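K.L.:
this one's structure only:
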């Protein structure tokens, strides 16, 4: 059993009377819910669907157009098969990885997610506390419903996701606030302008409830004009006003030059783009299709990963989100060359389920699944997982030829 697992089992299973050893594949189980024992992220998703408002559910769970990429992000992981090693000592497992000079206890961080107060009253603060308690890196969205400074007070490792706006002064004011508040990196999202057509949002509509606003972009620096957009509008209206569509490598180079923080570029699906952003000064490449919310029929993130890894050639970390639902997904991503993975919707579902405790339980479930998958597949160190661990399902019958 990996270090500290006994304590985690006791914490997560509190109140359930279940303390099974997870190496047996039995536990721990999260606290019971009225719908039954919660064993995995899929259970949490079903609970969240019952408790979120229709507007919040459509906003969180919807994808672009027919949502084929949304579905394929998850299905693509199942197209990879493991090739477990045997007669390997996995009694003492090390789940840690290193990203930008920090040692992470597990490969899991959290993606930038807007308006988390729609899921629970504390929103981003609850999620950040759950991450801080586990040493997981929390990524705050520009479109958060908690301020840069409020989240910083929670402590823990944190990054700030940045949308570039047409107003450079406004954009840089957000950067300066993140720098002053102790964020460790900037995540420049490059795949969200213009915003994809999310038809669930259009059918249901999202008008922000009283007390929930895009608080970081409503706090404008001196000299920056007001927008004239009602502050309770949903993201479709705000995107037209605030997102810069004419992004170029020069924007990235300028941000790298003017910020004191390393800049990670999020939204890359091609090897040639990955090479270009590294050449422009990016400190990391984040493989993502925005959770299937932008261009429908775009390639699944995990299917894009090998091309990006090959192009980066180890110069910077390669990160991945979009479709992580199981700890096994993280093992697949690491085998294909990712340095770490990030969860999005599962964190929101956890918040909707039980606030900070629910978000923490989701992180714990994924960690324990990853730990068990490591053991069964014959891998003792996350940082040493290599491509021989997986084979694409289309080639599984040829696995005997792979060395």
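P.N.:
All right, it came through fine. On a predicted model such as this, the values are computed, not experimentally measured, just so you know.
K.L.:
Give me the neighbour count for the closest residue to residue 376 other than its chain neighbours.
P.N.:
In this structure, residue 376 finds its nearest non-sequential neighbour in residue 84, 6.3 Å apart by Cβ to Cβ, 6 or more residues apart in numbering. In short, each C-beta sits where N, CA and C put it, glycine included. Residue 84: 12 surrounding residues under other Cβ atoms under 10 Å.
K.L.:
before we move on, what about residue 166?
P.N.:
Residue 166: 13 surrounding residues under other Cβ under 10 Å.
K.L.:
Repeat that for residue 337.
P.N.:
19.
K.L.:
Would you confirm that it contacts residue 385?
P.N.:
No. Using Cβ atoms under 8 Å, residue 337 is not in contact with residue 385; the gap is 9.6 Å.
K.L.:
these two touch, right, residue 392 and residue 80?
P.N.:
Yes. In terms of Cβ under 8 Å, residue 392 counts as a neighbour of residue 80; the distance is 5.9 Å.
K.L.:
neighbour count winner among the two?
P.N.:
Neighbour count, other Cβ under 10 Å: between residue 392 and residue 80, residue 80 has more, with 22 against 14.
K.L.:
got a list of what the more buried one touches?
P.N.:
Neighbouring residues of residue 80 by Cβ atoms under 8 Å, 6 or more residues apart in numbering: 302, 332, 335-336, 390-393.
K.L.:
out of those, which are inside strands?
P.N.:
Counting by DSSP state E, the contacts of residue 80 place 390-392 in strands.
K.L.:
residues near the closest residue to residue 155 other than its chain neighbours, how many?
P.N.:
Of all residues not flanking residue 155 in the chain, residue 132 sits nearest, at 5.2 Å (Cβ to Cβ, 6+ apart). Residue 132 sits with 17 neighbouring residues when counted by other Cβ under 10 Å.
K.L.:
count of residues packed around residue 101?
P.N.:
Using other Cβ under 10 Å: residue 101 sits among 7 other residues.
K.L.:
now residue 40
P.N.:
Count around residue 40 with other Cβ under 10 Å applied: 17.
K.L.:
same question, residue 167
P.N.:
For residue 167, the neighbour count with other Cβ under 10 Å is 17.
K.L.:
per-residue confidence at it?
P.N.:
At residue 167, the pLDDT value in this model is 88.
K.L.:
Next: residue 399.
P.N.:
We have a pLDDT of 53 for residue 399.
K.L.:
again, but for residue 263
P.N.:
Value listed for residue 263 in the pLDDT field: 98.
K.L.:
Can you list the low-confidence ranges for the stretch 101-250 of the chain?
P.N.:
Low-confidence regions of the stretch 101-250 of the chain, defined here as pLDDT under 70, cover residues 219-241.
K.L.:
50 instead, please
P.N.:
For the stretch 101-250 of the chain, the stretches with pLDDT under 50 are 224-226.
K.L.:
residue ranges for the strands of it, please.
P.N.:
Remark: strands assigned in the stretch 101-250 of the chain by DSSP state E, counting those that start in this stretch are 102-104, 108-110, 138-140, 158-162, 186-189.
K.L.:
can you list contacts of the fourth one?
P.N.:
Where contact means Cβ under 8 Å, 6+ apart, the residues beyond strand 158-162 that reach it are 109, 112, 128, 131, 137-142, 148, 151-152, 171, 174-175, 178, 182-189, 255, 261, 264, 266.
K.L.:
With the third one instead?
P.N.:
In this structure, residues lying in contact with strand 138-140 by Cβ under 8 Å, 6+ apart are 109-112, 124, 127-128, 131-132, 146, 148, 151, 156-161, 183, 187, 342.
K.L.:
if you set the cut-off to 6 Å instead, what comes out?
P.N.:
By Cβ atoms under 6 Å, 6 or more residues apart in numbering, the residues outside strand 138-140 that reach it are 110-112, 128, 131, 151, 158-161, 187.
K.L.:
All set now, cheers.
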